[in-house]
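Peer 1: how would this look folded up:
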Amino acid sequence: MWIDAAASFQKNLAALPLTVYQAGETVLAEGSRTDQLLILRNGTVAVVKEGVEIARVTEPGSVFGEISALLDCPHTADVQALTTSQFHVARPADLQDPAALFYVAAILARRLDGANRALVELKNEFQDKPRSALDRTIKKMERLLSSSGADLGIYSGYAYNPLV
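Peer 2: Numbers count the residues shown, from 1 in each chain. Below you'll find the model as predicted:
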């Protein structure tokens, strides 16, 4: 199912306009609103939250701006072009194709699964250590994940791609 949705989505990308960002340019700014989904065609970008690089992305098909679009809120992180990077540009309202919606949902599910796995790793590594700032951060992550409907007990056992 995931492969079918991804293939269908990739075919539809050709119809979307392209935009190019040069190395050093801001693709999305935390706190701004663009009402756009950007789908990486090629290049390398960094996702930066509160001055900390949380991801470096090179994979074509990666989606940016989906949290802002889905939650109707400003962008939650900066995205900076590290190399010349091309993006397909879509407005959320234009994505009525079920395959496109499934594709974006699957990407979000993989990110959530990865966050759950990282949290479990941290908890396992530091469970016997005294309470500290790290422990408080882990507790905060647990609260945030559980308030968004995630359940560590459920998600942490899935394979990396829960759609396969």
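Peer 1: CA atoms for contacts and neighbours, from now on please.
Peer 2: Fine.
Peer 1: excluding its backbone neighbours, what's nearest Met141?
Peer 2: What sits nearest to Met141 in space, not counting adjacent residues and going by C-alpha to C-alpha, 6 or more residues apart in numbering, is Leu119, at 7.6 Å.
Peer 1: likewise Thr58?
Peer 2: Spatial nearest neighbour of Thr58, chain neighbours left out: Thr44 (4.6 Å); criterion: C-alpha to C-alpha, 6+ apart.
Peer 1: those helices in the chain, which residues are they?
Peer 2: In the chain, the helices defined using DSSP state H lie at 2-13, 66-71, 98-126, 133-147, 152-155.
Peer 1: okay if I get those as CSV plus mean neighbour count and distance to Ser85?
Peer 2: Converted to CSV, these look like this (neighbours: other C-alpha atoms under 10 Å; distance: least, C-alpha to C-alpha, whole Å):
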stretch, mean neighbour count, distance to Ser85
helix 2-13, 15, 16
helix 66-71, 16, 18
helix 98-126, 16, 20
helix 133-147, 13, 31
helix 152-155, 14, 33
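Peer 1: nearest to Ala29, of the ones you listed?
Peer 2: The minimum distance between Ala29 and the helices of the chain falls on helix 66-71, with 11.2 Å, by C-alpha to C-alpha.
Peer 1: List the beta-bridge partners for Gln80.
Peer 2: Beta bridges link Gln80 to Thr26, Ala46 when assigned by DSSP bridges.
Peer 1: Output the lowest mean pLDDT helix or strand found in this structure.
Peer 2: Scoring the helices and strands of the chain by mean pLDDT, DSSP states H and E places helix 152-155 at the bottom, with a mean of 34.
Peer 1: quick one: low-confidence ranges for the protein?
Peer 2: Scanning the chain for pLDDT under 70 picks out 1-9, 94, 129-131, 144-164.
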